[in-house]
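Student: predicted model, plus sequence, below.
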Amino acid sequence: MTDTAYKARRGELETYFGKTAADKWVALTSNGPVSMIRETVREGRDAMRSTLLDWLPQDLTGARLLDAGCGPGMLSMEAACRGADVVGVDLSSALIDVANERTPENLKSKISYHAGDMTDPATGAFDFIVAMDSVIHYDLPHITELLGGFAARASKGLLFTFAPRTPMLAVMHAAGKAFPRNDRSPAIVPISQKSIERAVASAPKLNDFEIKHTHKISTAFYKSQAMELMAK
């Protein structure tokens, strides 16, 4: 994807997750103590990851899976435990380093981590692509384009999350209180479920997929909605 706006936002995300708040995200995805705010984010992310994993087959032996925006590799490792051959991609080289450090030796042959753009076609084709909280910073046209690119490379399923448009989320973001001011992440773009559904139904690149599941996770400071697109 070469769009200027996409590149600009991608650069913001790379700076935030790779430099500005890399340590905070390492802590958030560990078992160590965090602030009350971040604890609710951790709880929400854990629940979301479990939801996405529940939608995948329990036995992934022989399947190839892309963890798009893998961060420290938590979902990658769980998918590999089920037998999947996983490619984990993240903009943050710092988080990729953490993923490599945290991956147990018995799973290292099942997971290949890369720092870079999750849309890079060089990683090849997959049975499943999972994008957990990695498209939430983009507007609907860019999300639709991202999903279309993923769909061209996924033969069985595409699982992703978006920020659901709710009154509470709108107020939180308008007030700028979703994250502490000194390390606030780039803005999340709330989008309604109906808008996502219309985009999926009308995008030519998504014609071979249909919505199978959707589920919303909401904690005090984590609001995200999962959707599974299954190949027809």
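Tutor: Cool, got the structure.
Student: quick one, strands of the protein?
Tutor: When secondary structure is read from DSSP state E, the chain shows strands at 64-68, 85-90, 111-115, 126-131, 154-162, 209-219, 222-231.
Student: distance to residue 146 and mean neighbour count added to these, as JSON lines?
Tutor: Bear in mind the C-beta positions are built from the backbone N, C-alpha and C, glycine included. Compiled in JSON lines, the strands of the chain are given as follows (distance: least, CB to CB, whole Å; neighbours: other CB atoms under 10 Å):
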{"stretch": "strand 64-68", "distance to residue 146": "9", "mean neighbour count": "26"}
{"stretch": "strand 85-90", "distance to residue 146": "13", "mean neighbour count": "25"}
{"stretch": "strand 111-115", "distance to residue 146": "17", "mean neighbour count": "18"}
{"stretch": "strand 126-131", "distance to residue 146": "8", "mean neighbour count": "25"}
{"stretch": "strand 154-162", "distance to residue 146": "8", "mean neighbour count": "23"}
{"stretch": "strand 209-219", "distance to residue 146": "14", "mean neighbour count": "16"}
{"stretch": "strand 222-231", "distance to residue 146": "12", "mean neighbour count": "21"}
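Student: nearest to residue 28, out of those?
Tutor: Of all these, the one in closest proximity to residue 28, counting by CB to CB, is strand 222-231 (10.6 Å).
Student: and the closest one, what does it pack onto?
Tutor: Contact partners of strand 222-231 among helices and strands, from 3 or more CB pairs under 8 Å, 6 or more residues apart in numbering; DSSP states H and E: helix 36-55, strand 154-162, helix 167-175, helix 193-202, strand 209-219.
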